[in-house]
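In: can you look at this prediction? I've put the sequence above it.
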Number of protein chains: 2
Amino acid sequence: MSDIRVLVVEDEPIASAAHAAYVQRLDGFSLAGTAPDGQSALRLLAEFSAAGNQVELVLLDMNLPDLHGLDIARRMRSSGLFSDIIAITAVRELNIVRSAVAIGVVQYLIKPFTYATFAEKLTNYRLFREQLASSDDGKTKTGASQSDVDQAFASLRTPSELQLPKGLSVSTLDSVKDFLRKEDAAVSASEVMDELGMSRVTARRYLEYLADAGSVSRAPRYGAPGRPENEYRWTRG
Amino acid sequence: MSDIRVLVVEDEPIASAAHAAYVQRLDGFSLAGTAPDGQSALRLLAEFSAAGNQVELVLLDMNLPDLHGLDIARRMRSSGLFSDIIAITAVRELNIVRSAVAIGVVQYLIKPFTYATFAEKLTNYRLFREQLASSDDGKTKTGASQSDVDQAFASLRTPSELQLPKGLSVSTLDSVKDFLRKEDAAVSASEVMDELGMSRVTARRYLEYLADAGSVSRAPRYGAPGRPENEYRWTRG
DNA sequence: ACCGTTGCGTTCATATTGGTCATGAAAGGT
DNA sequence: ACCTTTCATGACCAATATGAACGCAACGGT
């Protein structure tokens, strides 16, 4: 099966490069191009489409200099471009999620996100496509059943857990990530301990994992007596 | 919360009446109208929209005398109508499912279906909307997290309790659900075991199923030595 | 410069629970 | 009655947060 062609739409150069690198790193996907704003994204999509080289998936940042992501999606649909869309946003507004779903957004990523989260969403999307393709290749004359469709939709939600190192759990990692995203400032292990009600050792283990994974930066905090305390700051996005 | 306004688009009079009756029978939904073909559906939608009375959900048959369902959906998007769509079809073609998803079809029903199946899909959709509304009503300053969004998508796409997985029984599930609803606080598997007199394994299996189905939230309970115990809290209703 | 003080980093054993498997009982079909 | 299927159970091993103990790095006086 050929790769899924992906267009990355993102105005910040650093984030754009990161997302592009993520795509190339993932099996089953290939990068079709990148666009820094809505106009060029629409132009690129039209060009690819005219060349019979349709982009199948768009990673669409919702906050762009010229157009809002929802507007871009609407214009895509108006001009007959029906690529699938994964929305990426930093704003935490759930009410735009519904509008997004209505125009065919299949997944929703909240910045900043780790590579693991990114890979999970795209892999789910690929599984969704593969299930649709495999159950309908003409061999069975019965065709698709309701449960086939349900199963395909189910793979589009998020059960595919990534491989974490021994000793770490998904839900705890999520708690820590959510807390770090919420705090703009750098936080120490003790602060995470107090806020989430876990032990210092546990908090530090997860922060250290995130630091190794590159999602957070780690720096010592000087000025107070005692051994310097590490502080962690979210850097993804 | 006000009802979700639904438009039924279906050419066969008998089926149309049945679907309309189904909608009226369901809590949380009200029937906005019915249309026998694509043209009148589009006209009705435009009229409602102009009257500030936008239809929020369209039950769209894919095989209509004048237009294919996909075409209707495309024209809706082109004319700025962004109601959500549940597709209904008798043809068993999975490859059009992907196109349908790209234009914002949120669910897919294959004819013939029972009322139970119908109710399941619409209820999932309603829960999806409610979750988006509740997590974003301005009370929490943290905003939405990735897991909130994931949860909402899960309830949209998880086939819920109609076909129970092997090993689960309806009556036991009801006991567990009743107990969870009664308790406002989060409960652990052990507490369910003690209270309902079942084994821990059984209690955990049902709680885990409800967590996957999106009816309860699951979070580890920190603070005590030993492996953290999961606690479950009812989130529906 | 040196040294005691301070408080976090790091390691390890421990306490509990999560998860799986084979078993047993009960229900349903033939 | 016998067989098949289904669901709950107990026992097992694996997983994961905790607390204590020790080491380490900067601060602040001497």
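Out: That came in fine, so what should we check first? Owing to the predicted nature of the structure, the values given are computational and were not obtained by experimental measurement. Numbers count the residues shown, from 1 in each chain, chains lettered A, B, ... in the order given.

In: is chain B within reach of the worst-scoring helix or strand of chain A on mean pLDDT?
Out: When the helices and strands of chain A are scored by mean pLDDT, DSSP states H and E, helix A:146-156 comes last with a mean of 79. Yes. Using Cβ under 8 Å from any Cβ of the partner chain, helix A:146-156 reaches chain B at A:146, A:147, A:148, A:149, A:150, A:152, A:153, A:154, A:156. The C-beta positions use only the backbone N, C-alpha and C, and glycine is treated the same way.

In: tell me the angle of that helix relative to helix B:146-157?
Out: If you take axes from the mean of the first three to the mean of the last three Cα atoms, to 10 degrees, helix A:146-156 sits at 170 degrees to helix B:146-157.

In: the helix or strand following helix A:146-156 vs DNA strand C: in contact?
Out: Going down the chain from helix A:146-156, the next helix or strand is helix A:170-182, by DSSP states H and E. No. Counting by Cβ under 7 Å from any atom of the strand, DNA strand C has no neighbours in helix A:170-182; the shortest distance is 9.3 Å.

In: give the buried residues for stretch A:87-106.
Out: A:87-89, A:92, A:94, A:96-98, A:100-106 (16 or more other Cβ atoms under 10 Å in any protein chain shown).

In: just flag the most distant two among those residues.
Out: Spatial extent of the buried residues of stretch A:87-106 (Cβ to Cβ) is set by the pair A:92 and A:104 at 21.7 Å.

In: for the least confident helix or strand of chain A, which positions count as buried?
Out: Buried, per 16+ other Cβ under 10 Å, within helix A:146-156: A:146, A:148, A:149, A:150, A:152, A:153, A:154, A:155, A:156.

In: the longest helix belonging to chain A near chain B anywhere?
Out: Longest helix in chain A, counting residues (DSSP state H): helix A:115-134. Yes. Using Cβ under 8 Å from any Cβ, helix A:115-134 reaches chain B at A:117, A:129, A:132, A:133.

In: narrow those residues to just the buried residues.
Out: The buried subset of these - by 16+ other Cβ under 10 Å - is A:117, A:129, A:132.

In: isn't the second one right up against residue B:97?
Out: In other words, residue A:129. No. With contacts counted by Cβ atoms under 8 Å, residue A:129 stays clear of residue B:97, the gap being 10.0 Å.

In: show me where chain A has helices.
Out: Remark: helices assigned in chain A by DSSP H are A:13-25, A:38-50, A:69-78, A:95-102, A:115-134, A:146-156, A:170-182, A:189-196, A:200-213.

In: okay, those helices in a markdown table with distance to residue B:235 next?
Out: Shown next, in a markdown table, are the helices of chain A (distance: least, Cβ to Cβ, whole Å):
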| stretch | distance to residue B:235 |
| --- | --- |
| helix A:13-25 | 32 |
| helix A:38-50 | 36 |
| helix A:69-78 | 28 |
| helix A:95-102 | 17 |
| helix A:115-134 | 22 |
| helix A:146-156 | 19 |
| helix A:170-182 | 15 |
| helix A:189-196 | 20 |
| helix A:200-213 | 25 |
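
In: least confident of those, on average?
Out: When the helices of chain A are ranked by mean pLDDT, helix A:146-156 comes last with a mean of 79.

In: gap between it and the chain center?
Out: Offset of helix A:146-156 from its chain centre (Cα atoms, centre = their mean, to the nearest Å): 21 Å.

In: export it as PDB, just CAs?
Out: Output in PDB follows, covering the C-alpha atoms of helix A:146-156 (Å, rounded to 0.1, in the frame of the first residue of the first chain):
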ATOM      1  CA  GLN A 146     -22.700  -2.200  10.400                       C
ATOM      2  CA  SER A 147     -20.100  -3.700  12.700                       C
ATOM      3  CA  ASP A 148     -17.400  -3.300  10.100                       C
ATOM      4  CA  VAL A 149     -18.100   0.400   9.900                       C
ATOM      5  CA  ASP A 150     -18.400   0.700  13.600                       C
ATOM      6  CA  GLN A 151     -15.000  -1.000  14.000                       C
ATOM      7  CA  ALA A 152     -13.400   1.300  11.500                       C
ATOM      8  CA  PHE A 153     -14.800   4.300  13.300                       C
ATOM      9  CA  ALA A 154     -13.600   2.900  16.600                       C
ATOM     10  CA  SER A 155     -10.100   2.700  15.400                       C
ATOM     11  CA  LEU A 156     -10.300   6.400  14.700                       C
END
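
In: taking helix B:115-134 as reference, get the angle to that helix.
Out: Going by the same axes, to 10 degrees, helix A:146-156 makes 20 degrees with helix B:115-134.

In: by how many degrees do helix A:146-156 and helix B:95-102 diverge?
Out: 40 degrees.

In: check which helices and strands helix A:146-156 sits against.
Out: Here helix A:146-156 touches helix A:115-134, strand B:105-110, helix B:146-157, going by 3 or more Cβ pairs under 8 Å, 6 or more residues apart in numbering or on different chains; DSSP states H and E.

In: how about JSON lines for these, with distance to DNA strand D added?
Out: Output for the helices and strands packed on helix A:146-156, formatted as JSON lines (distance: least, Cβ to the nearest atom of the strand, whole Å):
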{"stretch": "helix A:115-134", "distance to DNA strand D": "15"}
{"stretch": "strand B:105-110", "distance to DNA strand D": "23"}
{"stretch": "helix B:146-157", "distance to DNA strand D": "15"}
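
In: which one of the ones you listed lies closest to residue B:37?
Out: Judging the helices and strands packed on helix A:146-156 by Cβ to Cβ, what sits closest to residue B:37 is strand B:105-110, at 18.9 Å.

In: ok, and what's touching the closest one?
Out: A:101-102, A:104, A:144-146, A:149, A:153, B:60, B:73, B:84-90, B:92, B:97, B:100, B:117-118, B:121, B:124-125, B:128, B:156 (Cβ atoms under 8 Å, 6 or more residues apart in numbering or on different chains).

In: identify the residue spatially nearest to residue A:203, adjacent ones excluded.
Out: residue A:192 (4.0 Å; Cβ to Cβ, 6 or more residues apart in numbering or on different chains).

In: doesn't residue A:201 make contact with the one you found?
Out: No. Using Cβ under 8 Å, residue A:192 is not in contact with residue A:201, being 11.3 Å away.
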